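Novice: Predicted model and sequence below, questions to follow.
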Amino acid sequence: MNLDTARTTVIAALGRMDSLYNKPVFDEWVLFKLAKEQGVILAYSGPRTDSYQKKFRDDIVPLRAEIAQRKLAVGDFAFVDNAEGTGFDACIRLGPAAYLFCNNIAKSMADLRKDPLWREAQKPFAQVSELFRQDPLE
């Protein structure tokens, strides 16, 4: 999958999640690609357009530990229950070196999961992860 298609696919899936949840599930997301010595941000959407890059490495710490522990394959996803504020709550491995990081700045995953609408809202997230398993971001 190319970057434009990946971006459009992510936007559509997150929009479906919001519709099923009746409010935004994730209010910010980052498409990120690991490079030789550092990562490259491919796309961002959210309220911190001017400042998210400064804290990005700190904001993914809880997920980085989860990713390392589980050794995510392309299409796999992970959630962390206790990421607060700007700490990212979820990710999907989109390709060999590419990830989608998602966050709800006001709520943790534990908070989001308390709403019974979460059961349906998580389905588009799982579906988009399967799309990337079949057609990874290159």
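Specialist: Perfect, I can see it now. Residues are numbered from 1 along each chain as shown.
Novice: Starting from the one helix or strand in the chain whose mean pLDDT sits lowest, tell me the next helix or strand along the chain.
Specialist: When the helices and strands of the chain are compared on mean pLDDT, DSSP states H and E, helix 61-70 comes out lowest with a mean of 84. Read in the C-terminal direction, the helix or strand following helix 61-70 is strand 77-79, with elements assigned using DSSP states H and E.
Novice: partner strands of that next one, parallel or antiparallel?
Specialist: When sheet partners are counted by DSSP bridges, strand 77-79 sits next to strand 90-93 (antiparallel).
Novice: Buried residues, the partner strand. List them.
Specialist: Along strand 90-93, the positions that meet the burial threshold by neighbour count (16 or more other Cβ atoms under 10 Å) are Ala90, Cys91, Ile92, Arg93. Any C-beta I mention is one placed from the backbone N, CA and C, and that applies to glycine too.
Novice: Please apply the same query to stretch 4-14.
Specialist: Taking 16+ other Cβ under 10 Å as the basis for neighbour counts, the residues of stretch 4-14 that come out buried are Ala6, Arg7, Thr9, Val10, Ala13, Leu14.
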